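Build me a model:
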Amino acid sequence: MCPPLHLCHSHLLINRYISKHSDIATGGRIQRADISIVLLLQYCQYHQAQQLSDFFLHFISTNYGPMKQREDFQELTKANLSYVDE
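This is a model prediction of the structure:
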């Protein structure tokens, strides 16, 4: 059974907002960004927000060098670390 259309639309808007906001907040200075992408990833995984979790895993993977230099990188779970190390 599909959820009501307005809930799907709201979910998509929330996904878009969070992904865009995190992208802007890091803006070319990932190592010194004020937000923790790892914490956002963990939050999304806890709440089973799969699309956002996938986005943050992709973001960490494609920005591996700068992300690895952040203190919060060590907080990745084994499964997440295995994914971004691939």
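
give me the low-pLDDT residue ranges for the chain?
For the chain, applying pLDDT under 70 flags the ranges 1-28.

Show me the helices in it, by range?
Assigned by DSSP state H, the chain shows helices spanning 5-26, 37-46, 50-62, 64-68, 78-85.

would you put the C-alpha positions of the shortest one in PDB?
Looking back up the chat, that one is helix 64-68. Below are the C-alpha coordinates for helix 64-68, written out as PDB (Å, rounded to 0.1, in the frame of the first residue of the first chain):
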ATOM      1  CA  TYR A  64      37.100  10.400   1.100                       C
ATOM      2  CA  GLY A  65      40.400  12.300   1.500                       C
ATOM      3  CA  PRO A  66      39.000  15.400   3.300                       C
ATOM      4  CA  MET A  67      36.400  13.400   5.200                       C
ATOM      5  CA  LYS A  68      39.100  11.000   6.600                       C
END
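
buried stuff in it?
Using 16 or more other CB atoms under 10 Å as the test for burial, helix 64-68 gives 66-67. To be clear about C-beta, it is placed using only N, CA and C from the backbone, and glycine gets the same treatment.
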